[in-house]
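Chemist: below are the sequence and a predicted model for it; my questions follow.
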Amino acid sequence: MVNFAAVQLNAQKGGDSKTGTASYYHNKFVGRKTANGETFSNTKYTAACNQYPLGTYLKVTNNKNGKAVYVKVNDRIGHPKRVIDLTHRAAKDLSFTNSGLANVTVEVVSSDLGQRRILAQTNDEGVSDNTL
């Protein structure tokens, strides 16, 4: 248990990143419980990821177009070849809902930064690195 706590603290500090394939949730999951007990909604900025502890905040960048969103990990992904599964809202912001998949870079950010950026995205204030 001590090892898990150390991993969670390190993940929350930021800086750790991974590159891989992102997908997004099918609407059939709306209303179901996520791994942390929240009710899934395709309109929020959350994600399923096996690489980081639940509650970790991530910046996800579409490597094709440079667009980025911030999400909170609240679920686990069932597809072993995917690095992250995003909500439809996050995938739409990254412009890959038509293709269904995107090559992304996933970077851990601090809880404070992640919460502020998600609030800004939710309020349609944008996520430019020059804001907040």
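Modeler: Ah, there it is. In this text, all values refer to a predicted model and were calculated from it rather than measured experimentally. Numbers count the residues shown, from 1 in each chain.
Chemist: could you count how many residues lie near the spatially closest residue to T34 that is not a sequence neighbour?
Modeler: Of all residues not flanking T34 in the chain, D75 sits nearest, at 3.9 Å (CB to CB, 6 or more residues apart in numbering). In this view, the C-beta of every residue, glycine as well, is placed from N, C-alpha and C. Residues near D75, counting by other CB atoms under 10 Å, number 23.
Chemist: what do you get for T105?
Modeler: 17.
Chemist: and the helix or strand hosting it, which residues are buried?
Modeler: Taking DSSP states H and E as the criterion, T105 maps to strand 102-109. Neighbour-count burial for strand 102-109 flags A102, V104, T105, V106, E107, V108, V109 (criterion: 16 or more other CB atoms under 10 Å).
Chemist: for the residue nearest to T34, give me its contacts.
Modeler: Going by CB atoms under 8 Å, 6 or more residues apart in numbering, D75 touches T34, A35, N36, F40, T46, A47, A48, C49, L54, D85.
Chemist: how far away is it from L94?
Modeler: Between D75 and L94 the computed distance is 18 Å (CB to CB, to the nearest Å).
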